[in-house]
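Trainee: Pasting a predicted model and its sequence here:
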Amino acid sequence: MDEELVALLAAGEEHGMELLLATYAPMMRYIAAPILSAPEEIEECVSDAAMRVWERIGQFDRRRGEFRTWLTAITRNAAIDRSRAAARRPETVALETQADASVPAAEEELVRRERAAELRGALAELSAADRMLFYRKYYYLQPSAQIAAELGMSERAVEGRLYRLKKKLKKALGGQNDA
């Protein structure tokens, strides 16, 4: 199914976009909902993400992961971008401050990449259930109440597991405070 969808999108077929939305729009809304509050923002985010997929389908590499995973990342990033843009709208930011903040030093970027690789390695050591719990809370930004309801757990149990996961990750990362 995904192979056919990717082929249609790569060929620039409109049917590919229709199939993408028919198949994945509910999942895309599910990912955007915890990040964006207004229903119209969520729908615009789904449209934005679909357009990003359309424009960047050539960047999808089946060897690096599944299409669904790639689509999830694009949707999450589109929701975060939309949320940040909404947060900036009411305020005016000085151009020089914005320019300074947007270009990290080469050393900072190297450190960030190394720490990200360390975190991915530590996450790989977790059980699949714990890893998914971590991603749902800290990557997809889902509220603990939503996670608890969908997993049939109490909110307190979810928070307890997350606390233990953070301790385990902190230990695995050498006591760094960013876990």
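Mentor: Thanks, I have the structure now.

Trainee: Can you find the helix or strand of this structure with the lowest average pLDDT?
Mentor: Counting by mean pLDDT, DSSP states H and E, the chain has its least confident helix or strand at helix 95-102, which shows a mean of 50.

Trainee: Packing partners of the following helix or strand past that one?
Mentor: Sequence-wise, the next helix or strand downstream of helix 95-102 (DSSP states H and E) is helix 106-124. For helix 106-124, the packing partners by 3 or more CB pairs under 8 Å, 6 or more residues apart in numbering; DSSP states H and E come out as helix 128-134, helix 155-172. In short, each C-beta sits where N, CA and C put it, glycine included.

Trainee: which stretch of helix or strand covers Leu5?
Mentor: According to DSSP H and E, Leu5 maps onto helix 2-10.

Trainee: Return the set of buried residues in stretch 134-144.
Mentor: By 16 or more other CB atoms under 10 Å, the buried positions in stretch 134-144 come out as 134, 136-137, 140-142, 144.

Trainee: Can I get that stretch in CSV, CA atoms only?
Mentor: Extracted in CSV, the C-alpha atoms of stretch 134-144 (Å, rounded to 0.1, in the frame of the first residue of the first chain):
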residue,chain,number,x,y,z
PHE,A,134,8.8,8.2,26.0
TYR,A,135,8.1,9.2,22.3
ARG,A,136,4.4,9.8,23.0
LYS,A,137,5.2,12.2,25.9
TYR,A,138,8.3,14.0,24.7
TYR,A,139,8.3,13.7,20.9
TYR,A,140,4.6,13.7,20.1
LEU,A,141,3.9,16.0,23.1
GLN,A,142,0.8,14.0,24.1
PRO,A,143,-0.7,14.9,27.5
SER,A,144,-0.3,12.2,30.2
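
Trainee: Now for this protein: which helix has the highest residue count?
Mentor: Using DSSP state H to define each element, the chain has its longest helix at helix 67-88.

Trainee: Distance from that helix to the middle of the chain?
Mentor: Distance of helix 67-88 from its chain centroid, counting by CA atoms, centre = their mean, to the nearest Å, is 6 Å.

Trainee: Pull the residues that contact that helix.
Mentor: 2, 5-6, 24, 27-28, 31-32, 35-36, 41-42, 44-46, 48-49, 52-53, 56, 60, 64, 139-140 (CB atoms under 8 Å, 6 or more residues apart in numbering).

Trainee: Give me the buried entries from these.
Mentor: By 16+ other CB under 10 Å, the contacts of helix 67-88 give 5-6, 24, 28, 31-32, 35-36, 41-42, 44-46, 48-49, 52-53, 60, 140 as buried.

Trainee: Ramachandran angles for Ser37?
Mentor: phi -90, psi -40 (degrees, to the nearest 10).

Trainee: Number of residues surrounding it?
Mentor: As a burial measure, Ser37 scores 10 neighbours (other CB atoms under 10 Å).
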